[in-house]
Each structure stands twice: as structure tokens, then as C-alpha cells.
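Q: structure here, sequence nowhere to be found:
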């Protein structure tokens with residue numbers, strides 16, 4: 001067998017090697033400690049993806065609501081794309097639905113900051129708590 005690739009030295013080679021070992025049922029050669037870490041990280045990435053998309057969507061919805069005179073096709077396109085991407089993310093990861101309310105609360109704080117920065121409106125313009133509920 002070839003010399004195992006180091007997780008730290010060449011992550012891409014390590015992932016290819018681990019996939020081959022899994023595919024070939026060579027359980028004894030797996031780097032279990034790092035595999036567990038990476039699988040856990042993948043789940044966290046999906047939650048982060050949900051929060052990021054919610055933040056962008058909510059920021060645009062706040063801008064849409066509180067600056068109607070500046071509404072544009074670009075804002076509408078961003079709202080549509082984020083909604084569609086969120087729908088696909090939840091279809092691909094149905095268990096994320098149980099995290100949606102918490103993710104919405106976390107994302108809303110970010111969206112308020114984004115909306116304030118993009119509109120130059122005072123913080124008090126935007127509701128302190130997310131007006132949307134899932």
C-alpha cells in the first residue's frame with residue numbers, strides 16, 4: 001500500500017485516499033479521527049450556508065420594505081435567487097428545517113447590520129426582532 005497522505009500536508013490527496021479506502025472497505029486503514037472531524041464539519045457548513053442565505057435574503061427584504069423608493073430589479077432578483085437557493089438547500093437537507101427558526105434568529109442580526117450599512121438608515125428603523133417566523 002502507498003504511504004498514507006497526511007491530512008495536514010495535502011488535504012485533497014487525503015480526501016481522495018480516504019474515499020478510496022471507504023470504497024474498497026479497507027476500514028483498518030482509515031484515518032478515523034480526522035474523518036469524524038470532517039464529517040462533523042460538513043454538517044456545520046450546511047447550517048452556516050442556511051444562515052448566510054437567510055442573512056442575505058432578510059437584508060434585501062429589509063431594504064425592500066424600508067426603502068421602497070430605491071427598489072430595483074437587482075434587489076428583486078437577489079430576493080428570488082436567495083429564496084430559490086434556500087428552498088433547494090432545505091430540500092437537499094430536510095433535517096435543517098428543525099434548525100430554521102434558530103437560524104432565522106441568528107441570521108436576522110446579521111441582516112439588520114447589512115441593511116443598516118447599505119441604506120444608511122438608523123438602527124432604530126429596523127425591528128429589533130425578526131418579524132418573520134417559520
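A: Noted; the coordinates are in hand. Keep in mind it's a predicted model, so treat the numbers as computed, not measured.
Q: which ones are touching residue 61?
A: 79, 111, 132 (C-beta atoms under 8 Å, 6 or more residues apart in numbering). All C-beta spots, glycine's among them, are computed from the backbone N, C-alpha and C.
Q: hmm, which of these are the buried ones?
A: 79, 111 (16 or more other C-beta atoms under 10 Å).
Q: from the contacts of residue 61, which is closest to residue 22?
A: Closest to residue 22 out of the contacts of residue 61 is residue 111 (39.3 Å), distances taken as C-beta to C-beta.
Q: hmm, who's touching stretch 101-110?
A: In contact with stretch 101-110 (C-beta under 8 Å, 6+ apart) are residues 47, 50-52, 54-55, 58-59, 96, 129-130, 132-134.
Q: which intervals of this protein have sub-threshold pLDDT?
A: 1-5, 134 (pLDDT under 70).
Q: again, only using 90
A: Across the chain, the ranges flagged by pLDDT under 90 are 1-9, 131-134.
Q: select the longest helix from it.
A: Across the chain, the longest stretch assigned as helix under DSSP state H is helix 32-66.
Q: buried ones in that one, by neighbour count?
A: 34-35, 49-51, 53-64.
Q: could you find the closest non-adjacent residue to the residue positioned nearest the centre of the chain?
A: Closest residue to the average C-alpha location of the chain: residue 49 at 0.7 Å, with C-alpha atoms, centre = their mean. In this structure, residue 49 finds its nearest non-sequential neighbour in residue 89, 6.2 Å apart by C-beta to C-beta, 6 or more residues apart in numbering.
Q: what about the one you found, how many neighbours?
A: The number of residues packed near residue 89 is 15, by other C-beta atoms under 10 Å.
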